[in-house]
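fold the following for me, if possible:
(2 chains)
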Amino acid sequence: MTLPDQIRTALSNVGRRKLRSALASLGVVVGTLTIVVMVSLAEGVRQQINHQFATIGLDRLTVYAPGARRGGFSPLDLLMRKKIITPDDVSEWKALPGVVQVIPEINLPPSVGLALAWNGTNLPVRMSGGTPRGEFLFQEAPQPLAGSLDLPESGGIVLSLGTVQAAGVSSNDLTRMIGQTVQAILHTSRGETQSFNLRIQGITQEHSTEIQVSVADRIAMKNWWFNTTNTLESEGYDSVTIRSADVSRAQALTAQLRSDGFQVQSLEVFVEIANRIVTVIALMFSLIGSIALLVAAIGIANTMVMAIYERTREIGILKAMGASRREIRQMFMIEAGFIGMIGGTIGLLLGWLFGLGLNPIIQIILKHRDLPIHGHFFVVTLTLALGAILFATLIGLVAGLLPAQRAAKLDPLEALRHE
Amino acid sequence: MDALIQSRGLTRRYHVGKVVVAALSDVELTVPRGEFTALVGPSGSGKSTLLNLIGGLDRPTAGEVHVDDLSLGAASEQQLVQYRRERVGFIFQSFNLLPTLSAVENVESPMMLAEVPSIERRKRAMALLDSVGLAARSVHRPNELSGGEKQRVAIARAIANQPLLLLADEPTGNLDSKTGNAVLDLLCGLVKAQGLTMIMVTHDPEVAARADRIIHLRDGSIQRIETNRKTEAPA
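Residues are numbered from 1 along each chain as shown, chains lettered A, B, ... in the order given. I've put the predicted structure just below:
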């Protein structure tokens, strides 16, 4: 008997008892549905995480001098620091292939007091780095209300809407502010002060009283603070953010810079951990689906035992006509496999529809919680689709194994006598 | 005389609980090619057992039966499967058609097992149904056919793979005498026309009377053999 003939025969036998086949495959439907929903949810969440990290710069890495701690600034650090990030390093990195942007950073000690003397007010403010983007996860990049948010290295300041309003400037006058000069006043705890004139480059929509100051100005501030002429020569940059053309280039750069002796931080690690957590959760829920599939396998086995009992005489007839044990076994195995496959296909379709239906509801909930995340949370990949059907078919085949073996072993004479 | 079937010391014993029942003991038998042999005898005389042994559905406890140079007792499972598929056609008292298949599909089924291409087997099955006078009923399922029609389909199925040997176990047993006679006429005609060897188990002396040779069995042994109505001594 050829394989196409066996498949055709098995299909017609499954179709012969539609209700029973449907009931037998119901368990497979439930199991596959569970697994498909869980795995597609995990895939969707994983894609969301990757997407969110990419928008805040998965392609971005931050380089520190060896021994430096982020934000740390103790004398001990100074002693231990052997290698610094020099302006030469920065210009060298700028020339590397695949590097889109190199942003050197200078941090002022946290004890530095900073105020803004402007428009007749003396406003205490906080200073953040030169790159406003990506400070917090799942936060969209701030938009300029006026001017540009890209600070030139040579000098300039970006204000937030909150700062401008606190200084008593009407929000209608924002555009007029660009190009004007403000005074940033640094003061020590002993009361020494120094003011720096800064040109306004742009205004962000943020409501906090944060300002961003160009690297050149921060170097000047740091020189005053430590009373040196060139802190850059002795200390180097505190950190440098490098944006690369893509994620894979970022990984290559990370490896290269690490071998050069620098500390490199990238978001890659966080993404990996997040992915691992999601995978573990999906796996746990899939296990529940697998239990459903196990129960389904018992159901299929039971159906096959019943079918073989009912068709004992037919098996006898087939054997008298010259059907081999192998052919009888294969016939029933294929039948059981079909029940699994049909259940798997229906489960896959239902799981996919379930995700489609649930996605808009999740979007609405997210909107209510002010989380600006858009996209699909249930992603059925081709691998998942094929894998689910294949797995369900396999469950059917395994369930059919013993009953089919029993059918194959039937004595033809006894089978023919069976009523 | 060219013998198709030869048995020597053919014995079949069954275990019924702890009792051993000899269904067939020491049967020496020769069936010539192209002959119609009837097996007659009372119930339990071993007719069906002998038929099943010759058909390769059962194996002897002792002794041997050769069909066309194949020793059925010593043959492997695969050899027996091939033997049943290619050289033997069975006809049963209760027809034993596959209930879910149409008449033509039933006739096709042995050819499907023999891996005859589907177009050819449909053509052959239709020709066979035509030869048993059922071309018009080809799409009907067994439960839509009369007893006589079912048996005709079964006959067409039995000869589908052009076997050497036709084994019939009371083929007219479930039919009224008129239908039975028609079926018998058809069978005998086909056997003659195709030069088949046929062994038929029957209770009916009238049916047996049409055979070339009648083997009388009793208590698992051959009692006597009639050839062309002349009684021979037991072999």
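
can you mark which positions in the top helix by length along chain B are buried?
The longest helix of chain B (DSSP state H) is helix B:177-194. With burial defined by 16 or more other CB atoms under 10 Å in any protein chain shown, the residues of helix B:177-194 counted as buried are B:179-180, B:182-184, B:186-187, B:190-191. Just so you know, the C-beta spots here come from the backbone N, C-alpha and C atoms, and that holds for glycine as well.

and which of the residues you listed is nearest residue B:37?
Nearest to residue B:37 among these: residue B:191, at 10.8 Å, using CB to CB.

name the SS class of the nearest residue to the closest one once chain neighbours are set aside, please.
The shortest distance from residue B:191 to any non-neighbouring residue, by CB to CB, 6 or more residues apart in numbering or on different chains, is to residue B:198 (4.8 Å). Three-state call for residue B:198 (DSSP: H, G, I helix; E, B strand; the rest coil): strand.

and residue B:198, what does it touch?
Contact partners of residue B:198, counting by CB atoms under 8 Å, 6 or more residues apart in numbering or on different chains, are B:35-37, B:165-168, B:187, B:191.

which residues does residue 187 contact?
Picking chain A for this. A:113-115, A:193-194.

look at chain B instead
B:91, B:155, B:166, B:168, B:171, B:198.

measure it to residue B:65 for me?
23 Å (CB to CB, to the nearest Å).

find the residue at the geometric middle of chain B.
residue B:167 (0.9 Å; CA atoms, centre = their mean).

format the contacts of residue A:187 as CSV; extra columns: secondary structure and distance to chain B.
Below are the contacts of residue A:187 laid out as CSV (DSSP: H, G, I helix; E, B strand; the rest coil; distance: CB to the nearest CB, whole Å):
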residue, secondary structure, distance to chain B
A:113, strand, 92
A:114, strand, 89
A:115, strand, 93
A:193, strand, 99
A:194, strand, 97
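
of all these, which comes closest to residue B:96?
Taking these together and measuring to residue B:96 by CB to CB, the closest member is residue A:114, at 99.9 Å.

that closest one: how many residues sit nearby?
Residue A:114 has 18 neighbouring residues, counting by other CB atoms under 10 Å in any protein chain shown.

related to what we said a few turns ago, partners of the residue nearest to residue B:191 in the sheet?
residue B:36, residue B:166 (DSSP bridges).

just the CA trace of stretch B:203-222, in CSV.
Extracted in CSV, the C-alpha atoms of stretch B:203-222 (Å, rounded to 0.1, in the frame of the first residue of the first chain):
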residue,chain,number,x,y,z
HIS,B,203,-22.8,-28.1,3.2
ASP,B,204,-24.9,-28.3,0.1
PRO,B,205,-24.6,-31.6,-1.8
GLU,B,206,-26.0,-29.9,-4.9
VAL,B,207,-23.2,-27.4,-4.8
ALA,B,208,-20.7,-30.0,-4.2
ALA,B,209,-22.0,-32.0,-7.1
ARG,B,210,-20.7,-29.4,-9.5
ALA,B,211,-17.1,-29.9,-8.4
ASP,B,212,-14.4,-31.9,-10.2
ARG,B,213,-13.5,-33.5,-6.9
ILE,B,214,-15.3,-33.8,-3.6
ILE,B,215,-13.3,-34.3,-0.4
HIS,B,216,-15.3,-35.7,2.5
LEU,B,217,-13.9,-34.7,5.9
ARG,B,218,-14.9,-36.2,9.3
ASP,B,219,-13.4,-35.5,12.7
GLY,B,220,-10.4,-33.8,11.1
SER,B,221,-9.5,-36.5,8.7
ILE,B,222,-10.3,-37.2,5.0
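
tell me the gap between it and the middle of its chain.
From the chain centre to the centre of stretch B:203-222 is a distance of 14 Å (CA atoms, centre = their mean, to the nearest Å).

and the average pLDDT for it is what?
The average pLDDT within stretch B:203-222 is 92.

one more: stretch B:71-80?
93.

give me the phi and psi angles of whatever residue of chain B ends up closest to chain A.
Closest residue of chain B to chain A, CB to the nearest CB: residue B:85 (2.5 Å). The phi/psi pair for residue B:85 (degrees, to the nearest 10) reads phi -70, psi -40.

that one is in contact with residue B:113, isn't it?
Yes - Residue B:85 is within contact range of residue B:113, at 5.6 Å (criterion: CB atoms under 8 Å).

on that earlier part again, find the nearest non-adjacent residue to the residue nearest to the centre of chain B, please.
residue B:55 (4.8 Å).

what's the burial count for the one you found?
Quick note: residue B:55 (other CB under 10 Å) scores 25 neighbours.

ditto for residue A:249
18.

on the three-state scheme, it is what?
Here residue A:249 is recorded as helix under three-state DSSP.

same check on residue B:26?
strand.

who's in contact with the residue nearest to the centre of chain B?
B:51, B:54-55, B:88-91, B:198-200.

can you do 6 Å?
B:51, B:55, B:90, B:199 (CB atoms under 6 Å, 6 or more residues apart in numbering or on different chains).

hang on, isn't residue B:139 packed against residue B:102?
Yes - the criterion here is CB atoms under 6 Å, and residue B:139 meets it with residue B:102 at 5.0 Å.

which one's more surrounded, the two?
Neighbours were counted for residue B:139 and for residue B:102 using other CB under 10 Å; residue B:102 has more, 20 against 10.

assign residue 89 to helix, strand or coil.
By default, I'm working from chain A. Here residue A:89 is helix, with the state taken from three-state DSSP.

sorry, I should have been clearer: chain B.
strand.

tell me the spacing between it and residue A:234.
From residue B:89 over to residue A:234 (counting by CB to CB), the distance is 105 Å.

higher neighbour count, those two?
residue B:89 (26 against 12).

would you check that that one makes contact with residue B:159?
Yes - if you go by CB under 6 Å, residue B:89 and residue B:159 touch, sitting 5.4 Å apart.

check contacts around residue A:45.
Per CB under 6 Å, 6+ apart, neighbours of residue A:45: residue A:278.

what's it sitting at in phi/psi?
Dihedral angles (degrees, to the nearest 10) for residue A:45: phi -60, psi -40.

report pLDDT for it.
At residue A:45, pLDDT is 85.

for chain B, see how far away it is.
In this view, residue A:45 and chain B are 49 Å apart by CB to the nearest CB, to the nearest Å.

also residue A:316?
From residue A:316 over to chain B the distance is 8 Å, taken as CB to the nearest CB.

re earlier: export the buried residues of helix B:177-194 to TSV and tack on distance to residue A:228?
Listed next are the buried residues of helix B:177-194 as TSV, based on distance: CB to CB, whole Å:
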residue	distance to residue A:228
B:179	121
B:180	123
B:182	123
B:183	119
B:184	123
B:186	119
B:187	119
B:190	117
B:191	120
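
strands of chain B, residue ranges please.
B:3-16, B:19-32, B:36-40, B:62-67, B:70-71, B:88-91, B:165-169, B:197-201, B:213-218, B:221-227, B:230-232 (DSSP state E).

name the residues that touch the strand or helix carrying residue A:224?
For residue A:224, the host element (DSSP states H and E) is helix A:215-226. For helix A:215-226, the external contacting residues (CB under 6 Å, 6+ apart) are A:104, A:106, A:108, A:130, A:153-155, A:186, A:194, A:231-232.

CA-only coordinates of it in PDB, if you can.
Taking Å, rounded to 0.1, in the frame of the first residue of the first chain, the C-alpha atoms of helix A:215-226 are listed here in PDB:
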ATOM      1  CA  VAL A 215      30.500  69.800  27.300                       C
ATOM      2  CA  ALA A 216      32.700  72.900  26.800                       C
ATOM      3  CA  ASP A 217      30.800  74.800  29.500                       C
ATOM      4  CA  ARG A 218      30.900  71.900  31.800                       C
ATOM      5  CA  ILE A 219      34.700  71.600  31.400                       C
ATOM      6  CA  ALA A 220      35.000  75.300  32.300                       C
ATOM      7  CA  MET A 221      32.800  74.700  35.400                       C
ATOM      8  CA  LYS A 222      34.800  71.700  36.500                       C
ATOM      9  CA  ASN A 223      38.100  73.600  36.000                       C
ATOM     10  CA  TRP A 224      36.800  76.300  38.300                       C
ATOM     11  CA  TRP A 225      35.500  73.800  40.800                       C
ATOM     12  CA  PHE A 226      38.800  71.900  41.100                       C
END
